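Engineer: Following is a predicted model, sequence given first.
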Amino acid sequence: MALEHPKIKFVTYKGPFSRIIPVNVFEIINNDLCSYCGSCTAVCPTKALSYKFDEPDTPVINEDLCIYCNLCSMVCPHVAMDKQMFVELPNPMEKYLARTKIEKLHPVMQDGGVTSTLIIAALEEGLIDAAFLVARDEKWRPVPIIAKTPEDVIKAAGSKYVYSPVNNLLETLAFTHPELQKVLTVGLPCQIRAIHRAREVGLRKFVDKIKYTISIFCSENWQWSKMLEMMASAGLKPEDVVKQNIKAKFFFYLKDGKVVEYSLKDAAKYLIPACKHCPEFISYYADINVGALGLQGWNAVLIMNDKGKELWKAAVERGYIEQQPLPEDRWTKIINFDMRKKRSAWKFIKKFYGLEEEVKAQQKEAKWYQEWLAKKKAKEAAKKKQ
Ligand SMILES: Cc1cc2nc3c(=O)[nH]c(=O)nc-3n(C[C@H](O)[C@H](O)[C@H](O)COP(=O)(O)OP(=O)(O)OC[C@H]3O[C@@H](n4cnc5c(N)ncnc54)[C@H](O)[C@@H]3O)c2cc1C
Ligand code: SF4
Ligand code: SF4
Ligand code: SF4
């Protein structure tokens, strides 16, 4: 039975760690703010929140089992979002344009295959015992997997534009797989944010063995059932779709070689509010961010810290990567996307939660926002003069 929370209540903490706080995950789930990262189902000690393979939209709630320990809310990336993500822009140490030289990745990789290449190199170098990834079944249902070999990594290659509870696998580190001592996880920024939060609150047995994190860029995502509705509206059966991609439009690649285009405006009709609430296009907390931003067959790669450098070095030294510095205009495009995401999250938060004052205060503090606003005003003034 689902807990009833018809209206979100808010507590806004002021002070050095000012945060925007929906009260708990039940409110997140019942108000369609859950991006199904799978973190709460991993840490819930009683399985009041659980992962069910056949119901891949949100965690399954059994209120009677809840002991109100609050661990779920402590890890949820949508509860108590950190102000830093809104106010400061991410600042990578190194930036590259890159693609894989591993040929067996070519038929399955999403863009330049750098994500899978980094994992394969880390496995071969012994930097990790396994990686937590997401594969899919015939119906595009997400299937979180523990990848221990390059063949497993290949199985998980390619983007699934569906919420995928890969963090549910954190449970295996705490309870069932003692042989996994060094793990890499790939996720969307919300999933990596949940790992960061679990570290912050000291849920060590779930995250201490996560040695590396790779985030893929993310503008938005869909619940699995909504994705099926979207495919049906285009006259498509999920089992006929072999690849999905977004490059200004949504593209469905079919078994028979046909490609079906779908407008992003129409695709947006199937979104739930969760992603509108999210300020990260690139992750603050990952060791490496990988995306494409419209590039065909190449990746933009952002090395965020020393651990990211280690992963990168392993792949480059094995001769697996073709690389060049990321052109400055590409970086400008990426950061513009990130800023746009923050602005729309603020807009949503202001309206949905009525947090006008908190949002205004953050906007005043955000140097990037003030600069953007000044440029916008100057442009408008110049237009008026003409
Ligand atoms: C929902 C979603 C939205 C995205 N939005 C953008 C965008 O706006 N702009 C942009 O430049 N790039 C975006 N990407 C990233 C892009 O599609 C590629 O994943 C990225 O460029 C890496 O390419 P690659 O060739 O290195 O990936 P590959 O080597 O093919 O590896 C892909 C990896 O992604 C993981 N993965 C796939 N689907 C999911 C998922 N749903 N949740 C968690 N992990 C997953 C797999 O485990 C796999 O390891 C998005 C990806 C997803 C899944
Ligand atoms: S409060 Fe504790 S017991 Fe209840 S759902 Fe959350 S993690 Fe589970
Ligand atoms: S976003 Fe993640 S942690 Fe939050 S409710 Fe959904 S599955 Fe649980
Ligand atoms: S937009 Fe944010 S919340 Fe939505 S899937 Fe991407 S990272 Fe997660």
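Structural biologist: Sure, I can see it. Ligands and ions are numbered 1, 2, ... in the order given.
Engineer: what does the protein have sitting close to ligand 3?
Structural biologist: For the chain, the residues in contact with ligand 3 (C-beta under 6 Å from any ligand atom) are 25, 28-29, 34-40, 59, 75-78, 194. All C-beta spots, glycine's among them, are computed from the backbone N, C-alpha and C.
Engineer: Give me the subset of the residues you listed lying in helices.
Structural biologist: In helices, defined here by DSSP state H, the members of these are 25, 28, 29, 39, 40, 75, 194.
Engineer: Within reach of ligand 1, which of these are there?
Structural biologist: Counting by C-beta under 6 Å from any ligand atom, nothing from these sits close to ligand 1.
Engineer: So the residue of the stretch 251-386 of the chain found nearest ligand 3 versus ligand 4, what's the distance?
Structural biologist: Per C-beta to the nearest ligand atom, residue 274 is where the stretch 251-386 of the chain lies closest to ligand 3, at 7.2 Å. Distance of residue 274 to ligand 4, computed by C-beta to the nearest ligand atom, to the nearest Å: 5 Å.
Engineer: Leaving out sequence neighbours, find the closest residue to that residue.
Structural biologist: Once flanking residues are discounted, residue 274 sits nearest to residue 35: 4.4 Å by C-beta to C-beta, 6 or more residues apart in numbering.
Engineer: State the number of residues packed around the one you found.
Structural biologist: 29 (other C-beta atoms under 10 Å).
Engineer: Hmm, residue 163 and it touching each other?
Structural biologist: Yes. The criterion here is C-beta atoms under 8 Å, and residue 35 meets it with residue 163 at 5.4 Å.
Engineer: shared neighbours, these two?
Structural biologist: 221, 274 (C-beta atoms under 8 Å, 6 or more residues apart in numbering).
Engineer: Show the average pLDDT along stretch 274-286.
Structural biologist: Throughout stretch 274-286, pLDDT has a mean value of 95.
Engineer: how long is that stretch end to end?
Structural biologist: End-to-end distance for stretch 274-286: 20 Å, by C-alpha to C-alpha, to the nearest Å.
Engineer: Sort out which residues of that stretch are buried, please.
Structural biologist: Of the residues in stretch 274-286, those with enough neighbours to count as buried (16 or more other C-beta atoms under 10 Å) are 274-286.
Engineer: One more: stretch 159-173?
Structural biologist: Quick answer for stretch 159-173 (16+ other C-beta under 10 Å): 159-173.
Engineer: is that stretch anywhere near ligand 2?
Structural biologist: No. On the criterion C-beta under 6 Å from any ligand atom, stretch 159-173 is out of touch with ligand 2, staying 12.1 Å away.
Engineer: thinking again about what came up before, now do the contacts for the residue nearest to residue 274.
Structural biologist: With C-beta under 8 Å, 6+ apart, residue 35 has these contacts: 77, 78, 163, 188, 190, 221, 274, 275, 278.
Engineer: Kindly recompute the last result at 7 Å.
Structural biologist: 163, 190, 221, 274, 275 (C-beta atoms under 7 Å, 6 or more residues apart in numbering).
Engineer: Before we move on, what's the pLDDT of the third one?
Structural biologist: This means residue 221. 98.
Engineer: go on, residue 59?
Structural biologist: So, for residue 59, pLDDT stands at 96.
Engineer: where's it relative to residue 34, distance?
Structural biologist: Distance, residue 59 to residue 34, by C-beta to C-beta, to the nearest Å: 7 Å.
Engineer: more neighbours, the two?
Structural biologist: residue 59 (28 against 25).
Engineer: Give me the nearest residue to that one, chain neighbours excluded.
Structural biologist: residue 49 (4.3 Å).
Engineer: Bridging across strands, which residues link to that neighbour?
Structural biologist: residue 61 (DSSP bridges).
Engineer: residues touching it, list them.
Structural biologist: Residue 49 touches 25, 40, 41, 59, 61, 72, counting by C-beta under 7 Å, 6+ apart.
Engineer: Reformat the residues you listed as a markdown table; add distance to ligand 2.
Structural biologist: A markdown table is the format used below for those (distance: C-beta to the nearest ligand atom, whole Å):
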| residue | distance to ligand 2 |
| --- | --- |
| 25 | 6 |
| 40 | 6 |
| 41 | 9 |
| 59 | 9 |
| 61 | 8 |
| 72 | 3 |
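Engineer: who in the stretch 201-350 of the chain is up against ligand 1?
Structural biologist: Residues of the stretch 201-350 of the chain lying near ligand 1 (C-beta under 6 Å from any ligand atom): 216, 217, 218, 219, 221, 290, 291, 292, 293, 299.
Engineer: Among those residues, find the lowest-pLDDT one for me.
Structural biologist: residue 293 (88).
Engineer: Helix, strand, or coil at that one?
Structural biologist: coil (DSSP: H, G, I helix; E, B strand; the rest coil).
Engineer: Would you list the phi and psi of it?
Structural biologist: Taking degrees, to the nearest 10, you get phi 50, psi 60 for the backbone angles of residue 293.
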